[in-house]
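K.L.:
Just to be clear, the model below is a prediction. Sequence and coordinates:
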Amino acid sequence: MIQHPYEVIVIGSGATGGVAALTLAEAGVRVLVVEAGPDLSAQKALGSEPGNTLRRLDGLCSGKHRSQAQHPGYWKANPLLYANEKENPYTYPSEHPFIWTQGHQVGGRSLTWGGITLRLSDQDLKASRRDGYGPEWPLQYSELAPHYSALEERLKVHGHVDGLEQLPDGNYIDPLPFTASEQQFASAVDTELGYPVIHSRGFGPHQPSVDGPWPRSSSPGSTLQMALATGKVEILSNHKAERLLMHPDHEAARGVLVIDQHNGNRQELHGELVVLCASTIQSLRLLLSSEVNHHSEGFTDPSGNLGCYLMDHVSTCRFFALPRSQVKQVSETDSTANVLSGAGSFFLPFGACLEPKNQLKFLRGYGLWGGIDRFEPPDWLKRKPETATGFLIGHGEVLPSPHNKVTLSSTLDRWGVPVPHIDCRWGENEQAMVDHMQGTIKAAIQSAGGTMLPLKELINLMFLEPLLDGALALSETSPPPGYYIHEVGGAAMGESEDCSVVDRWNRLWRCPNVLVVDGACWPTSAWQSPTLTMMAITRRACLEALRPRRG
């Protein structure tokens, strides 16, 4: 039950929802945050072993998590943070599978986020000026920079100032150190190949004694917590936003229709401003359900592009063994020193700075994320005990393509709401990029004296091997779209209503009191992990929405 009056409705409580609530609340605005899932305690949300393992087995055997279990994060987080696929269905063409990871709880997918915080550069925002393909963003890096800085300072993310044009530096606390194995690798790759190897940027491992019960990378452990502390924010959990409610002139929203997830009862919520932070595909579902072509009382999308140009990062992964030689073993005195995390890892941040350019068979660029000695099993489980175990994952920019889109399916969920139909596939550009990634990964591993091997030849997985047969993370090919959980696009921002869904301030062109600030508003995908940029866009848009109130 809603206890207090509110002026703004924020749909979603994850990374962008937390920033929206905080930005508006600190300006004195009363905010209602609507979340489809429950409001869990930290203890229940994070879980513990062996309970999490038992829940994974149940999720696999029951079919609740068959798709989402493909992502490695599922095997380290509490499966309770992954939505029940039977209760939250979606459809896709059988020949073009899409893996959609959903997080329905207060905090959303920020509770399973890896915590990498990379900025975009003008190379990314204005990429079409370089290669002539697709749209450019209706803003430039200088407009996002102050919002990046404000968030980095507040969230206290780790990083190193590297002076790279393709990856702008940020406002950091000290970087987390490389492991000794990573230092050996970085030195060899730089010497042999001249590739940059930098400290990853982001959050370190969750330390309850320092951070409190919630990880700082999650909205309940940072922005949403701060927003609630203002006394201006209330959360309505277990309510799914179905569609926008419009004024009779169809030129502004008067609120949102929501569904109580306990009993299916529908309720109208009214507000002066609606901010969509539901995650890319959920926001697209809500917008498509609210557009005049689907609902006679809906808003108008003059571009006709709503739902089109969905993107994700294309990726490929390789594991390897690195000879220890003079490398020190993993520290036993600091239990978090070598734990894999957003900041506890490294990057080869090529971006568009790949050489030689005249030999590239694809547009745009990619980066390689890696770690060595970050998930070492005991020696008795290792098939090569005198080595350190490492991985490199390439993730690259996907071009916006009109055939990659979200529409509404004829399939209905348990409350009679059309579910998303996701039709997305890799094109020739993505396939050529993956081929290049694999060559770069192989060269980097060999330059450091490592041996590229399947994971089951590095670690004795015993009874887990049958479960992991066919796992996408262990495949030598590129996983299907959605796997990397970096989906963006479908309601792109732009300079004209003829070719974009929202304007440069994230307002729907024909319904300007609705802001679309999550990944749905992206015109291009860039190559960097997108969450920090989504948060910066949210802060920028919400501050602009406050201008009339201030002036």
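P.N.:
All right, it came through fine.
K.L.:
what residue is smack in the middle of this protein?
P.N.:
Centroid-nearest residue in the chain, with Cα atoms, centre = their mean: H486, separated by 4.3 Å.
K.L.:
Which pLDDT value goes with that one?
P.N.:
The score at H486 is 97. That number is its pLDDT.
K.L.:
which residues touch it?
P.N.:
D312, H313, H395, G519, S525, S529, P530 (Cβ atoms under 8 Å, 6 or more residues apart in numbering). (C-beta placed from N, C-alpha, C; glycine too.)
K.L.:
Greatest separation within these: which pair is it?
P.N.:
H395 and G519 (14.5 Å; Cβ to Cβ).
K.L.:
More neighbours: which of the two?
P.N.:
G519 (29 against 23; other Cβ atoms under 10 Å).
K.L.:
Show the pLDDT at the more buried one.
P.N.:
Note for G519: predicted pLDDT of 98.
K.L.:
Return the distance of it relative to G14.
P.N.:
G519 sits 11 Å away from G14, going by Cβ to Cβ, to the nearest Å.
K.L.:
can you list contacts of the helix or strand encompassing F347?
P.N.:
Assessed by DSSP states H and E, F347 sits inside strand 346-351. For strand 346-351, the external contacting residues (Cβ under 8 Å, 6+ apart) are 118, 121, 123-124, 164, 166-167, 178, 182, 185-186, 189, 195-201, 365-371, 392, 440, 444, 527-528.
K.L.:
Toward the C-terminus, what is the element adjacent to that strand?
P.N.:
Trace forward from strand 346-351 with DSSP H and E and the next one is strand 366-372.
K.L.:
What residues of that next one count as buried?
P.N.:
Y366, G367, L368, W369, G370, G371, I372 (16 or more other Cβ atoms under 10 Å).
K.L.:
Mind listing the strands that strand pairs with, and their directions?
P.N.:
strand 346-351 (antiparallel), strand 387-396 (antiparallel) (DSSP bridges).
K.L.:
For the first one, output the C-alpha coordinates as CSV.
P.N.:
These are the backbone C-alpha positions of strand 346-351, laid out as CSV (Å, rounded to 0.1, in the frame of the first residue of the first chain):
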residue,chain,number,x,y,z
PHE,A,346,42.0,-6.4,-16.4
PHE,A,347,41.1,-5.0,-19.8
LEU,A,348,42.7,-4.9,-23.3
PRO,A,349,40.7,-1.8,-24.3
PHE,A,350,41.1,-1.7,-28.1
GLY,A,351,37.9,0.0,-29.0
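K.L.:
Off-centre distance for it?
P.N.:
18 Å (Cα atoms, centre = their mean, to the nearest Å).
K.L.:
Which residue, other than its chain neighbours, is closest to L155?
P.N.:
S222 (5.7 Å; Cβ to Cβ, 6 or more residues apart in numbering).
K.L.:
For this structure, which residues score under the pLDDT cut-off?
P.N.:
The chain contains residues with pLDDT under 70 at 325-337, 461-475, 549-551.
K.L.:
go again using 80 as the cut-off
P.N.:
Counting by pLDDT under 80, the chain has low-confidence residues at 1, 325-337, 376-380, 460-476, 548-551.
K.L.:
got the residue ranges for the helices in it?
P.N.:
Assigned by DSSP state H, the chain shows helices spanning 15-25, 42-46, 51-62, 122-125, 127-131, 141-155, 180-193, 208-211, 223-229, 280-290, 428-447, 465-468, 531-545, 547-550.
K.L.:
Please tell me how far the fifth one is from the chain's geometric centre.
P.N.:
Going back to what we said before, that points to helix 127-131. 24 Å.
K.L.:
shift numbering so it begins at 34
P.N.:
Yes, from this point I'll number from 34; that puts the last item at helix 160-164.
K.L.:
That helix - contacts with which helices or strands?
P.N.:
Here helix 160-164 touches no other helix or strand, going by 3 or more Cβ pairs under 8 Å, 6 or more residues apart in numbering; DSSP states H and E.
K.L.:
Go through it and flag the buried ones.
P.N.:
A160, S161.
K.L.:
Only alpha carbons, please: show it as PDB.
P.N.:
Taking Å, rounded to 0.1, in the frame of the first residue of the first chain, the C-alpha atoms of helix 160-164 are listed here in PDB:
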ATOM      1  CA  ALA A 160      31.300   6.600 -34.700                       C
ATOM      2  CA  SER A 161      29.200   7.100 -37.800                       C
ATOM      3  CA  ARG A 162      31.200  10.200 -38.700                       C
ATOM      4  CA  ARG A 163      34.200   7.900 -39.000                       C
ATOM      5  CA  ASP A 164      32.700   5.000 -41.000                       C
END
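K.L.:
rewinding a little: and which of the contacts of H519 is nearest V308?
P.N.:
Closest to V308, out of all of the contacts of H519 and judged by Cβ to Cβ, is G552, at 14.1 Å.
K.L.:
ok, now which ones touch the closest one?
P.N.:
Contacts of G552 by Cβ under 8 Å, 6+ apart are S312, T313, H519, E520, V521, G522, P563, M567.
K.L.:
what number of residues lie near the nearest residue to V347 once chain neighbours are set aside?
P.N.:
Once flanking residues are discounted, V347 sits nearest to E463: 4.3 Å by Cβ to Cβ, 6+ apart. E463 has 24 neighbouring residues, counting by other Cβ under 10 Å.
K.L.:
Cool, thanks, signing off.
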